[in-house]
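Undergrad: Provide a 3D model corresponding to the input given below.
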Amino acid sequence: MTTQDERLGEVTEVADGVQVRFRRSWPDPIGDVWSALTDPDRTARWFGSYDGERRVGGAGTLTMTHEEGATGEPMQIVECDPPHRLVVRWESEQAWRIELDLAEEQGRTVLVFTQVFPAGTDAGDYVLGWHWYLDKLGAEVTGAPGPGGWETFLAATAPAYGRPTP
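TA: You can find the predicted model right below:
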């Protein structure tokens, strides 16, 4: 059984900024988790839709499907090594590089999510957001219930990151 604490992201200062890292795992096959990360129908259910070229160097537009008033933002596929590694560069509030690494360990598929923000960034809100989205990914992979609405999730999870509840 996975506990809340095992699902928490880690925020650490690194040489080039502030790193947010999550480690999640599921008993599902690596191909299924990869599909949940890359199949357009599945990604739209937990995160967003990508309209563009699906190849290394390919560019397109990402629209987050669970954000009120979200508009499409430029995204580029930097690396893609199915079913083990996907790296994207996403032009949101700033230039974001998101790294998704999958491996099989002891009969489970492990995802390591990594994002580095510029030095001095208060990553508290970002880590909460990614936690919520990764919980939604887990629901997509396993078929279990998701984290619920944002406000409910925030009230339950924000204290674990030292953030005030709404």
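
Undergrad: going forward, measure contacts and count neighbours with C-alpha atoms only.
TA: Noted.

Undergrad: so where's the protein uncertain?
TA: 1-4 (pLDDT under 70).

Undergrad: so residue 115 sits in a helix?
TA: No: when classified by DSSP: H, G, I helix; E, B strand; the rest coil, residue 115 is found to be strand rather than part of a helix.

Undergrad: What is the burial count for it?
TA: If you count neighbours by other Cα atoms under 10 Å, residue 115 ends up with 20.

Undergrad: mind listing what it touches?
TA: Residue 115 sits next to 19-21, 96-99 when contact means Cα atoms under 8 Å, 6 or more residues apart in numbering.

Undergrad: Point out the ones among those that are inside strands.
TA: If you go by DSSP state E, the contacts of residue 115 have 19-21, 96-99 in strands.

Undergrad: Using TSV, lay out the contacts of residue 115 together with neighbour count and distance to residue 123.
TA: Shown next, in TSV, are those (neighbours: other Cα atoms under 10 Å; distance: Cα to Cα, whole Å):
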residue	neighbour count	distance to residue 123
19	21	8
20	22	7
21	20	11
96	16	13
97	18	14
98	18	14
99	19	16
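
Undergrad: any idea which of these is closest to residue 155?
TA: residue 20 (20.7 Å; Cα to Cα).

Undergrad: mind listing what's buried in stretch 61-69?
TA: Of the residues in stretch 61-69, 61-65 count as buried by neighbour count, 16 or more other Cα atoms under 10 Å.

Undergrad: hmm, I was thinking of stretch 24-34
TA: 24-26, 30, 32-34.

Undergrad: Got phi/psi on the residue nearest to residue 40 when sequence neighbours are not counted?
TA: Spatial nearest neighbour of residue 40, excluding adjacent residues (Cα to Cα, 6 or more residues apart in numbering): residue 49 at 6.4 Å. Per-residue torsions, residue 49: phi -110, psi 140 (degrees, to the nearest 10).

Undergrad: need the contact list for residue 49.
TA: 40, 43, 62-65.

Undergrad: Distance from the chain centre to the helix or strand hosting residue 32, please.
TA: Per DSSP states H and E, residue 32 falls inside helix 30-38. Relative to its chain's centre, helix 30-38 lies at 13 Å (Cα atoms, centre = their mean, to the nearest Å).
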